[in-house]
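Visitor: Generate a structure from the sequence data that follows.
(one chain, ligands or ions: 1)
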Amino acid sequence: MNQDDANQEFPRPKTVVENDAIRIVMQSVHAERKKIGLVPTMGALHEGHLSLVRQSVRDCHVTVVTVFVNPTQFSPDEDFDCYPRALETDLDLLARENVDLVFAPSVEQIYPKGFSTYIQPPDVAKPLEGECRPDHFRGVATVVHKLFNLSAANVAYFGQKDYQQALVIRHMVRDLNLPTKICVCPIVREPDGLAMSSRNQYLSPPQRQKARALWQALEAAAELVQSGQRDATLVRDAMRQTLIAAEVDRIDYVALADPETLVPVTEVKPGTVALIAAHVGQTRLIDNRLLE
Ligand code: PAF
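Guide: This is a model prediction of the structure:
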């Protein structure tokens with residue numbers, strides 16, 4: 001036990017940083033026929049991540065959490081350099097969750113010199129986020145595929161907060177016959193409805209107030225649909241109005257779409273998904289809700 005562990009009530013999980021190290025450990029776990037759960041993260045962990053970890057710990061014999069800020073999913077004008085990195089705090093949080101292994105590789109481990117093989121993401125990556133962040137899902141799919149290989153995961157856990165990301169990964173798994181099952185867990189929200197996100201920490205107190213508008217717009221959509229409104233244009237307009245009234249700084253999209261293909265709908269049906277991406281100050285926020 002090192003000094004850090006001795007100083008805290010819960011010992012931190014074993015942490016490895018090299019591809020060979022995780023591969024060797026996980027292959028031996030796999031050989032013992034233990035069910036392996038993987039929670040891929042970019043760190044700066046919050047209750048949303050921890051809910052995925054807890055689900056994995058409940059479902060699986062062994063839980064691996066990866067902490068890697070993946071450069072290939074950021075475009076040059078995005079926040080890769082200032083994305084919050086808090087490995088020490090993350091390890092303290094994970095110490096309480098019965099996590100077996102943390103994989104926290106360097107960029108050079110994942111993308112060694114000469115790296116040039118990428119996953120071409122499925123069609124569901126094209127609209128919405130795909131239009132606003134053109135290479136984003138190529139980077140996500142590539143790193144997630146690598147993490148599946150390295151961890152030999154039986155099940156991988158993702159949050160519904162990144163709705164399109166979860167679809168992209170599910171379609172990749174289906175199309176490439178990957179053996180990893182995908183479990184998508186519910187969005188965890190702050191008491192006022194704001195979806196938890198590592199990027200929320202960028203928000204100043206007034207921006208934090210404005211950011212509630214994303215949830216309020218989704219609530220407005222749900223209320224309209226509950227009261228019988230089925231016209232997607234009218235529901236979308238009401239969502240947009242909520243965002244405008246709160247003076248969010250930019251709206252990237254407000255969409256009502258088929259939950260599996262993300263093709264826009266003209267008529268809201270049970271299961272239609274409402275999705276929003278908007279900027280508050282410099283911070284880009286996303287949120288979504290299935291309309292029952
Ligand atoms: O959702 C995230 O945090 C990231 O996109 C992921 C899945 C860890 C890949 O880098």
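Visitor: give the contact list for the residue of the stretch 151-292 of the chain found nearest the ligand.
Guide: At 5.1 Å from the ligand, residue 162 is the closest residue in the stretch 151-292 of the chain, using Cβ to the nearest ligand atom. All C-beta spots, glycine's among them, are computed from the backbone N, C-alpha and C. By Cβ atoms under 8 Å, 6 or more residues apart in numbering, the residues touching residue 162 are residue 286.
Visitor: For it, report the pLDDT, please.
Guide: Here the pLDDT value assigned to residue 162 is 98.
Visitor: What of residue 6?
Guide: On pLDDT, residue 6 comes in at 48.
Visitor: next one: the one 4 residues further on
Guide: The predicted local confidence for residue 10 comes out at a pLDDT of 90.
Visitor: count of residues packed around it?
Guide: For residue 10, the count of nearby residues is 13 (other Cβ atoms under 10 Å).
Visitor: With residue 280 instead?
Guide: 27.
Visitor: Go ahead and confirm it touches residue 252.
Guide: No: assessed by Cβ atoms under 8 Å, residue 280 is found out of contact with residue 252, at 11.8 Å.
Visitor: Between those two, which contacts overlap?
Guide: Taking Cβ under 8 Å, 6+ apart as the contact rule, residue 280 and residue 252 have no neighbour in common.
Visitor: residues of stretch 267-275 that come out buried?
Guide: 268, 272, 273, 274, 275 (16 or more other Cβ atoms under 10 Å).
Visitor: before we move on, what SS does the fourth one have?
Guide: When you say that, I think you mean residue 274. strand (DSSP: H, G, I helix; E, B strand; the rest coil).
Visitor: which ones are touching the nearest residue to residue 135 once chain neighbours are set aside?
Guide: Leaving aside its sequence neighbours, residue 135 sits nearest to residue 75 (Cβ to Cβ, 6 or more residues apart in numbering; 6.4 Å). Neighbouring residues of residue 75 by Cβ under 8 Å, 6+ apart: 133, 134, 135, 136.
Visitor: Any residues of the stretch 101-250 of the chain in contact with the ligand? List them.
Guide: 140, 143, 144, 162, 165 (Cβ under 6 Å from any ligand atom).
Visitor: ok, the residues you listed vs residue 103, which is closest?
Guide: residue 143 (11.7 Å; Cβ to Cβ).
Visitor: Leaving out chain neighbours, which residue sits closest to the closest one?
Guide: Residue 143 sits nearest to residue 70 (Cβ to Cβ, 6+ apart), 4.5 Å away.
Visitor: Packing partners of the helix or strand harbouring residue 209?
Guide: Here residue 209 is covered by helix 205-226, with elements defined by DSSP states H and E. The helices and strands touching helix 205-226, judged by 3 or more Cβ pairs under 8 Å, 6 or more residues apart in numbering; DSSP states H and E, are helix 232-245, strand 273-280, strand 283-290.
Visitor: In the first one, which residues are buried?
Guide: Just to be clear, that refers to helix 232-245. For helix 232-245, a neighbour-count test (16+ other Cβ under 10 Å) marks 232, 235, 236, 238, 239, 240, 242, 243 as buried.
Visitor: show me what contacts the residue nearest to the fifth one when sequence neighbours are not counted?
Guide: It stands for residue 239. Nearest non-adjacent residue to residue 239, counting by Cβ to Cβ, 6+ apart: residue 217, 4.1 Å away. Residue 217 sits next to 238, 239, 240, 242, 243, 254, 276 when contact means Cβ under 8 Å, 6+ apart.
Visitor: if I look at the fourth one, how far off is residue 236?
Guide: If you measure residue 242 against residue 236 using Cβ to Cβ, to the nearest Å, the figure is 11 Å.
Visitor: Kindly export stretch 284-292 (C-alpha atoms) in PDB.
Guide: Coordinates of each C-alpha in stretch 284-292 appear next as PDB, following Å, rounded to 0.1, in the frame of the first residue of the first chain:
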ATOM      1  CA  ARG A 284     -21.200  23.800 -25.600                       C
ATOM      2  CA  LEU A 285     -23.900  21.800 -23.800                       C
ATOM      3  CA  ILE A 286     -26.000  18.900 -25.100                       C
ATOM      4  CA  ASP A 287     -29.100  17.200 -23.700                       C
ATOM      5  CA  ASN A 288     -32.000  15.000 -24.800                       C
ATOM      6  CA  ARG A 289     -35.200  13.300 -23.700                       C
ATOM      7  CA  LEU A 290     -37.300  10.500 -25.000                       C
ATOM      8  CA  LEU A 291     -40.900  11.700 -25.500                       C
ATOM      9  CA  GLU A 292     -43.200   9.000 -24.100                       C
END
